[in-house]
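S.K.: The following comprises the amino acid sequence and a computationally predicted model.
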Amino acid sequence: MKRSLVGISTLLVMSSALAACGGNSNSNSSSSSPTTAPAANATEAPSKGTGEKVTINLWSFTDEIPNMTKKYMETHPDANVEFKTTVIATTDGAYQPALDQALSAGGKDAPDIYAAESAFVLKYTQGDASSYAANYSDMGLDDQMVKDAGIAQYSVDIGSLDGKLKALGYQATGGAFIYRRSIAKDVFGTDDPATIKNEIGPGWDKFYDAAAKLKAKGYGIVSGDGDIWHPIENSSDKGWIVDGKLHIDPKREEFLDLSKKLKDNGYHNDTTDWTEAWYADMSGAGAQPIFGFFGPAWLINYVMNGQVKDTNGDWAVSEPPTGFFWGGTWLLANKDVTKDEAKKQAVADFVKWVTLDTSETGLQHYWANGTMKEGEQGTKDSVASSVVMSKSNGEVPLLGGQNMFDVFVPANANASGKNLTQYDETINKLWRDQVREYTAGNKDRAKAIETFKQQVKDQLGIESE
């Protein structure tokens with residue numbers, strides 16, 4: 001996941017790399033467009049045969065997918081295509097307005113393939129901009145291929161409109177509980193994931209029973225209330241918008257009480273995710289040693305891996321108290337590509353290679369095993385295809401050699417993709433801010449909810465139920 005954004009500073013590279021994984025989901029995006037046109041790079045295949053070279057315009061918010069085109073060319077030497085890539089960071093909300101304008105303008109420079117992350121993907125698969133996306137089936141990528149690849153249902157649900165698939169990812173971001181082995185042994189007498197999953201769940205009551213046991217020995221169960229938000233958010237029965245109005249699902253409303261319980265009992269270090277204090281808890285340098293974090297494989301590989309320091313190898317993963325996912329990137333194709341047979345086939349072949357190919361020369365096999373660069377052991381990651389993970393090696397040093405795929409395959413299957421809306425990025429931030437106001441004692445429970453509802457109305461024009 002080494003990314004260098006085109007024309008963007010190193011600082012923006014860091015924040016966008018997290019966003020690609022879903023890690024910057026609480027950032028407050030603006031709607032300003034970039035003041036200068038982004039640079040474009042071209043990845044070209046050797047021209048073979050007499051057919052005219054097909055140009056594919058690829059848009060993304062990091063260089064992750066553009067870099068995949070290089071591997072695609074290596075494995076498809078006969079492909080008569082050229083990729084022109086446009087990369088615009090999500091920082092300050094620059095990507096979506098630029099993408100929307102390019103899709104609306106159409107023409108030869110319009111995006112043929114474009115990426116969307118979990119924070120805003122529904123806008124492009126089911127929401128305001130969904131009309132631009134081609135159905136996968138219209139490109140010859142049918143439901144049987146999805147089934148044969150063992151793609152997690154939550155990813156399919158997010159990428160579908162009225163039963164028609166419009167987007168799939170290459171990562172799978174089902175979440176697990178990532179915990180310290182040494183603390184598990186001290187408090188529970190074992191670090192075995194099969195035992196720990198029954199200590200911390202299923203359900204939040206068991207999780208808080210475990211928190212009390214940990215506290216009695218001087219440990220916090222999580223770093224901050226943000227660590228429990230993602231499992232709560234993505235295990236709710238309904239999303240923020242129901243029949244056009246703001247709906248607070250009872251499971252999401254319970255976040256107020258669960259968060260306050262963490263703070264009142266000293267079960268956490270009261271950190272905010274994506275801050276230095278949060279990172280410090282990964283290395284055991286916080287106010288009290290922290291037992292664990294909730295997250296997908298990318299949290300282990302791309303965040304914790306650079307922060308754990310002396311705790312490296314002292315971690316393991318188990319199934320969480322409730323199924324959830326966090327983050328991810330989906331790939332969409334412009335419906336106009338279906339008007340040209342050569343372009344349709346070229347786009348379909350690349351999209352299939354990234355999202356559905358389960359062979360040892362498919363993108364997901366390289367991604368899962370960390371073999372994108374020949375002769376170099378790269379980062380392993382949970383991928384969309386459970387078939388690929390079942391025949392891949394998910395052992396990582398940070399987890400003491402545990403095969404993380406043994407946990408992430410069921411984690412992906414247990415996640416739900418039916419409780420998202422296209423407004424989640426904005427509403428989640430407003431909600432979490434008000435929950436922290438309540439737990440800090442600045443507002444009572446009713447006032448925090450009232451303020452939240454008013455902010456949603458003021459910012460999005462959405463009335464409450």
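M.R.: Yep, that arrived. Small disclaimer: the values here were computed from a predicted structure and weren't measured.

S.K.: element containing the most centrally placed residue in the chain?
M.R.: Nearest to the geometric centre of the chain sits G327, at 1.5 Å (C-alpha atoms, centre = their mean). G327 belongs to no helix or strand when elements are defined using DSSP states H and E.

S.K.: try N57
M.R.: strand 54-60.

S.K.: ditto for Y114
M.R.: strand 113-117.

S.K.: picking that back up, what average pLDDT does the strand holding N57 get?
M.R.: Across strand 54-60, pLDDT averages out at 98.

S.K.: next one: stretch 158-171
M.R.: On average, stretch 158-171 scores 96.

S.K.: Pretty sure A94 sits against T86.
M.R.: No - the pair A94 / T86 is not scored as a contact, 11.7 Å apart, by C-beta atoms under 8 Å. (Each C-beta comes from the backbone N, C-alpha and C, glycine too.)

S.K.: mind checking how far the helix or strand just after the strand holding N57 is from the chain centre?
M.R.: Later in the chain than strand 54-60, the nearest helix or strand by DSSP H and E is helix 64-75. Distance, stretch centre to chain centre, for helix 64-75: 21 Å (C-alpha atoms, centre = their mean, to the nearest Å).

S.K.: do the same with stretch 83-99
M.R.: With C-alpha atoms, centre = their mean, you get 17 Å for stretch 83-99.

S.K.: Repeat that for stretch 401-408.
M.R.: 18 Å.

S.K.: Kindly provide the whole-number mean pLDDT of it.
M.R.: 95.

S.K.: Contacts for it, please.
M.R.: Stretch 401-408 is contacted by residues 172, 174, 176, 193, 296-297, 300, 316-319, 368, 380, 382, 389-390, 392-396 when judged by C-beta atoms under 8 Å, 6 or more residues apart in numbering.

S.K.: In the helix or strand hosting V156, which residues are buried?
M.R.: Element membership for V156 (DSSP H and E) is helix 153-158. Neighbour-count burial for helix 153-158 flags Y154, S155, V156, D157, I158 (criterion: 16 or more other C-beta atoms under 10 Å).

S.K.: The nearest residue to P202 once chain neighbours are set aside: what's it in contact with?
M.R.: Leaving aside its sequence neighbours, P202 sits nearest to P321 (C-beta to C-beta, 6 or more residues apart in numbering; 5.5 Å). Contacts were defined as C-beta under 8 Å, 6+ apart; by that measure P321 touches F177, I200, G201, P202, G203, W204, K206, F207, P231.

S.K.: how far away is P321 from I462?
M.R.: Distance, P321 to I462, by C-beta to C-beta, to the nearest Å: 30 Å.

S.K.: do you know how far the residue lying closest to D157 once chain neighbours are set aside is from A172?
M.R.: Spatially, and ignoring its direct neighbours in sequence, D157 is nearest to G417 (3.7 Å; C-beta to C-beta, 6+ apart). Here the criterion is C-beta to C-beta. By it, G417 lies 11 Å from A172.

S.K.: If you count surrounding residues, which of the two has more?
M.R.: More crowded of G417 and A172, by other C-beta atoms under 10 Å: A172, with 32 against 20.

S.K.: who does whatever helix or strand A184 lives in touch, helix- and strand-wise?
M.R.: In this structure, A184 is located in helix 181-188 according to DSSP H and E. Using 3 or more C-beta pairs under 8 Å, 6 or more residues apart in numbering; DSSP states H and E, the elements in contact with helix 181-188 are helix 193-200, helix 204-216, strand 315-318.

S.K.: Just want the angle from that helix to helix 204-216.
M.R.: 100 degrees (axes from the mean of the first three to the mean of the last three C-alpha atoms, to 10 degrees).

S.K.: neighbouring contacts of helix 181-188?
M.R.: So helix 181-188 is contacted by 190-191, 195-196, 199, 210, 213-214, 217, 219, 289, 291, 314-316, 400 (C-beta under 8 Å, 6+ apart).

S.K.: go again using 7 Å as the cut-off
M.R.: By C-beta atoms under 7 Å, 6 or more residues apart in numbering, the residues outside helix 181-188 that reach it are 190-191, 195-196, 199, 213-214, 217, 219, 289, 291, 314-316, 400.

S.K.: what do you get for stretch 232-239?
M.R.: The contact list for stretch 232-239, computed with C-beta under 7 Å, 6+ apart, reads 247, 249, 251-252, 255, 322-326, 415-416, 419-421, 428.

S.K.: Between the residues you listed, identify the one with the most neighbours.
M.R.: Most surrounded of those: other C-beta under 10 Å gives F325, at 29 neighbours.

S.K.: related to what we said a few turns ago, and the residue nearest to the centre of the chain, what are its phi and psi?
M.R.: phi 90, psi -170 (degrees, to the nearest 10).
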